[in-house]
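# Next input, structure requested:
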Amino acid sequence: MKIVDKIESKIKKIPQGQVFTYTDFDIDVERQDTIVKTLNNFVAKGKIAKLSKGKFYKPQVTEFGTLLPSSYQIVKDFIEKDGKIIGYLTGYSVYNELLLTTQIANSIQIGTNKYRRPLKRGNYISLFILQPNKITKTNFRFLQILDAVRFVRSIPATTTNEACKRLIQIFKGLTTEEQTKITNLALNYTDYVRALCGAILEMNNADKSLLVLLDKSLNGVTTYKLDISNNILPTKTKWRIV
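Alright, predicted model coming up:
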């Protein structure tokens with residue numbers, strides 16, 4: 001089978017919206033130039049689309065137009081490598097999933113243990129948020145919630161009060177075991193995040209040992225200006241949130 005036919009056959013099996021590169025084709029590395037040239041020819045013919053240098057996808061065409069790949073597909077090489085989690089989606093796309101906002105931004109935020117500069121792919125700017133905890137398959141969901149707590153004052157198209165109100169509901173849905181996990185992860189976040197987590201967990205009648213753990217991690221005289229009302233967060237005074 002000719003290389004062109006082999007590549008076309010492979011592309012037909014790739015789902016719409018999935019991002020791929022020339023390395024996804026089982027063809028000798030020596031033929032790399034041929035693969036790249038063939039893929040670029042397919043772009044010119046409209047069979048596939050180009051996301052950025054060396055990255056392609058099969059566009060999904062709907063009655064509303066051609067769709068871009070999902071946020072995950074666009075930055076998946078920063079999220080998973082060799083079957084291991086090395087990052088996670090956070091920020092605007094996750095705020096939507098958590099029902100904290102309805103606004104959609106043209107940036108993708110990624111939690112990572114390694115500093116990276118912003119980069120552009122397609123119409124999106126990828127921003128990297130440094131995560132102090134080790135990222136794993138079992139904890140990244142909690143890290144997404146804690147990131148929302150961290151940026152509670154800057155979540156778009158909502159108020160700090162409304163965002164806090166929604167976070168209280170999210171924490172309410174956590175099991176006792178999950179409350180313990182998120183508390184231990186919160187200990188590595190900045191002080192006002194720990195304070196707000198403590199206030200929210202206390203509202204949800206979390207185990208006293210978790211509240212003590214968070215309280216002891218805080219400076220006993222520092223106050224945290226978050227502009228959350230007493231009606232939304234009645235426990236805020238104890239946690240020195242103003």
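
# how about the closest residue to Q103 other than its chain neighbours, secondary structure?
Excluding the flanking residues, the one nearest Q103 by CB to CB, 6 or more residues apart in numbering is A157, at 3.9 Å. The way it works is simple: take the backbone N, C-alpha and C, and place the C-beta from them, glycine included. Look at A157: counting by DSSP: H, G, I helix; E, B strand; the rest coil, its state is coil.

# Could you tell me which residues make contact with A157?
Contacts for A157 (CB atoms under 8 Å, 6 or more residues apart in numbering) come out as T101, T102, Q103.

# Over to L201?
Counted by CB under 8 Å, 6+ apart, L201 has contacts F171, Q179, T183, L210, L211, L214.

# how many neighbours does the first one have?
Looking back up the chat, that one is F171. As a burial measure, F171 scores 19 neighbours (other CB atoms under 10 Å).

# which other residues reach the helix or strand hosting it?
Assigned by DSSP states H and E, F171 falls within helix 160-172. With contact meaning CB under 8 Å, 6+ apart, helix 160-172 is reached by 98-101, 145, 148-149, 152-153, 155, 179, 182, 196-197, 200-201, 203-204, 226-229, 232-233.

# on that earlier part again, just checking, which of the contacts of L201 belong to helices?
Within those, residues falling in helices by DSSP state H are F171, Q179, T183, L210, L211, L214.

# I'd like the distance between the fourth one and A148.
Looking back up the chat, that one is L210. 19 Å (CB to CB, to the nearest Å).

# try the second one
According to CB to CB, Q179 stands 16 Å off from A148.

# Strand partners (parallel or antiparallel) of the worst-scoring helix or strand of the chain on mean pLDDT?
Using mean pLDDT, DSSP states H and E, the weakest-scoring helix or strand in the chain turns out to be strand 65-67, at a mean of 82. Using DSSP bridges, the strands paired with strand 65-67 are strand 60-62 (antiparallel).

# And the contacts of the strand it pairs with?
Q16, G17, T66, L67.

# now do stretch 38-58
Outside stretch 38-58, the residues touching it (CB under 8 Å, 6+ apart) are 3-4, 7-8, 11, 14-22, 36, 59, 66, 69, 73-74, 120-122.

# ok so, going back, please identify the buried residues of the helix holding F171?
T160, N161, A163, C164, K165, R166, L167, I168, I170, F171 (16 or more other CB atoms under 10 Å).
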